[in-house]
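Chemist: Please work out how this folds:
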Amino acid sequence: MSPAERTVRDRPRHRPLGAGPAVIVVGPLPPPMVGAARVTELLTGQLRRAGADVLAVDTSGTADRSRLRYHLSRAASHLRALRAVRSVHGAPGRPATVYLAGAGGLGLWYQLAVVRAARRAGHRIVFHHHNYSCVRRPRLALRLLIRGGGRRLVHVVLSERMGRALTSTYRWVA
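Modeler: Model (predicted):
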């Protein structure tokens with residue numbers, strides 16, 4: 001396994017990743033194979049083929065039937081993401097990029113912490129909206145996440161219609 005293929009679990013300390021652009025990918029990865037996990041996997045592969053130094057943080061919860069264990073595993077994975085965001089940096093004068101596969105529900109609260117940490121670290125932030133219900137109906141967590149990301153936050157939407165709904169629901173999205 002090359003250094004660029006490692007995940008945050010394999011790398012106890014992550015300072016500069018290498019010569020390519022530093023990208024921290026935060027999102028679900030297979031297994032299980034669900035839509036957002038597949039998109040995150042494909043994006044991670046494309047970034048690596050393009051020469052980016054990618055650190056992937058898998059935020060998939062455990063397949064346990066216990067809701068408590070599931071959310072504890074999600075919280076732990078986002079703590080790993082926070083450590084990565086705080087310790088990875090790009091080349092001098094080039095901030096790292098943090099890509100988040102947008103969650104819904106309680107996952108937005110976990111991601112809010114990652115977005116705020118990325119902004120404080122001076123990283124670029126890309127938030128890929130996969131959940132249409134959060135875009136159509138206002139959610140406090142997403143409102144705080146959008147404001148917390150400030151001008152560093154770039155939104156990726158699934159369609160023009162979703163983009164219009166996002167700017168309509170959250171008027172300060174540029």
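
Chemist: Next one: the residue nearest to R139 when sequence neighbours are not counted from R119, what distance?
Modeler: The shortest distance from R139 to any non-neighbouring residue, by C-beta to C-beta, 6 or more residues apart in numbering, is to L108 (6.5 Å). Just so you know, the C-beta spots here come from the backbone N, C-alpha and C atoms, and that holds for glycine as well. As judged by C-beta to C-beta, to the nearest Å, L108 and R119 stand 16 Å apart.

Chemist: how near is the residue nearest to R139 to L140?
Modeler: Taking C-beta to C-beta, one finds L108 at 9 Å from L140.

Chemist: before we move on, what about R147?
Modeler: Plainly put, R147 is 11 Å away from L140 if you go by C-beta to C-beta.

Chemist: neighbour count winner among the two?
Modeler: The neighbour comparison of R147 against L140 (other C-beta atoms under 10 Å) goes to R147, with 15 against 10.

Chemist: For the host helix or strand of that one, report the contacting residues that lie outside it.
Modeler: Per DSSP states H and E: R147 is located in helix 140-149. Contact with helix 140-149 is made by 108-109, 111-112, 115-116, 118-119, 125, 127, 134-135, 153, 170, 172-173, as judged by C-beta atoms under 8 Å, 6 or more residues apart in numbering.

Chemist: nearest to S159, of those?
Modeler: V135 (10.4 Å; C-beta to C-beta).

Chemist: Tell me which helix or strand in the protein has the weakest average pLDDT.
Modeler: helix 132-136 (a mean of 86; mean pLDDT, DSSP states H and E).

Chemist: So what are the sheet partners of the host helix or strand of Y99 and their directions?
Modeler: Remark: Y99 resides in strand 97-101, with elements defined by DSSP H and E. Here strand 97-101 has these sheet partners by DSSP bridges: strand 22-27 (parallel), strand 124-128 (parallel).

Chemist: circling back: mind checking which of the contacts of helix 140-149 are in strands?
Modeler: 125, 127, 153 (DSSP state E).

Chemist: what sits up against the strand holding Y99?
Modeler: Contacts of strand 97-101 with the rest of the structure, by C-beta under 8 Å, 6+ apart, involve 21-28, 36, 39-40, 43, 59, 85, 90, 111, 114-115, 118, 123-128, 130.

Chemist: For that strand, what is the distance to the chain centroid?
Modeler: 4 Å (C-alpha atoms, centre = their mean, to the nearest Å).

Chemist: Kindly report the same for stretch 56-68.
Modeler: The answer for stretch 56-68 is 15 Å, by C-alpha atoms, centre = their mean.

Chemist: From the rest of the structure, what touches that stretch?
Modeler: Contacts of stretch 56-68 (C-beta under 8 Å, 6+ apart): 7-9, 24-29, 31-32, 37, 40, 44, 69-71, 73-74, 77-78, 80-81, 84, 101, 103, 107, 110.

Chemist: Appreciated, that's everything.
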